[in-house]
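Trainee: just coords:
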Ligand SMILES: Cc1cn([C@H]2C[C@H](O)[C@@H](COP(=O)(O)OP(=O)(O)O[C@H]3O[C@H](C)C(=O)[C@H](O)[C@H]3O)O2)c(=O)[nH]c1=O
């Protein structure tokens, strides 16, 4: 099966079926039916793509309800450490961190349901990341958690002095101060 549980409710690893031949490779990077067979009926409405250099850490970000976003993350080139933090009140994994290496080489994807803060660090010279969202961008509802919150102890696999973080992200609050209205629904 292409899906692997992560120990966090709703957070799934997806490994596509890759067809390789003398020309190269082919795979379905997304198929609604594959997710429906897993009981996932997410309707994605927006694709995002970013390119970053080594040491960049983007995130941790989320959008508040009713603009919360489910994301399906994959890497077009390079390598990232993709990180999801469960911020669903009442979740048994509230405040817990899940991290996984996604790369163009491993073709691995991470399906992140609403109620998680998302971020990634770039471990290759550059990395291009594409992720599908099931809700449109809504700047006013954006929230975030600072990447080096001591309460999270995230190992971004980047030397601290090499981390490149935006002026916006460096001002984000810790988990304890972050505003979120996500409630775990089992
Ligand atoms: C997210 C987003 C941003 N923008 C504009 C707003 C800014 O002028 C510019 C860069 O935005 P930002 O610095 O927030 O980009 P990232 O730091 O990569 O943000 C993302 O970082 C982590 C990894 C995420 O999961 C979120 O999807 C997203 O917040 O793009 C848009 O026009 N549409 C959008 O959907």
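Mentor: Received the coordinates, thanks. Worth saying up front: this structure is predicted, and the values here are computed from it rather than measured.
Trainee: all helices for the protein, in order.
Mentor: For the chain, the helices defined by DSSP state H occupy 32-37.
Trainee: For it, give me the ranges with low pLDDT.
Mentor: Along the chain, no part satisfies pLDDT under 70.
Trainee: Check the gap between the residue with the largest distance to the centre of the chain and residue 28 for me.
Mentor: For the chain, the C-alpha lying farthest from the average C-alpha position belongs to residue 22; by C-alpha atoms, centre = their mean, that distance is 32.6 Å. For residue 22, the distance to residue 28 under the criterion C-beta to C-beta, to the nearest Å works out to 20 Å. Every residue, glycine included, has its C-beta placed from N, CA and C.
Trainee: so who does residue 139 touch?
Mentor: When contacts are counted by C-beta atoms under 8 Å, 6 or more residues apart in numbering, residue 139 is found next to no other residue.
Trainee: I'd guessed residue 184 sits against residue 87; true?
Mentor: No - taking contacts as C-beta atoms under 8 Å, residue 184 lies outside contact range of residue 87: 9.7 Å.
Trainee: Which residues are in contact with each of those two?
Mentor: When contacts are counted by C-beta under 8 Å, 6+ apart, residue 184 and residue 87 have 94, 115 as shared neighbours.
Trainee: More neighbours: which of these two?
Mentor: A count of neighbours by other C-beta atoms under 10 Å puts residue 87 above the other of residue 184 and residue 87, at 23 against 16.
Trainee: How much space separates that one from residue 109?
Mentor: Remark: distance between residue 87 and residue 109 (C-beta to C-beta) = 21 Å.
Trainee: State the distance from the spatially most central residue of the chain to the ligand.
Mentor: With the centre of the chain defined as its mean C-alpha position, the nearest residue by C-alpha atoms, centre = their mean is residue 118, 4.5 Å away. For residue 118, the distance to the ligand equals 4 Å [C-beta to the nearest ligand atom, to the nearest Å].
Trainee: Distance of residue 103 relative to residue 24?
Mentor: From residue 103 across to residue 24, the span is 17 Å (C-beta to C-beta).
Trainee: nope, residue 60 is what I meant
Mentor: Taking C-beta to C-beta as the measure, residue 60 and residue 24 are separated by 35 Å.
Trainee: ok, now residue 131?
Mentor: 24 Å.
Trainee: Same drill for those two, tell me which one is more crowded.
Mentor: The residue with the greater number of neighbours, taking residue 131 and residue 24 and applying other C-beta under 10 Å, is residue 131; the counts read 23 against 7.
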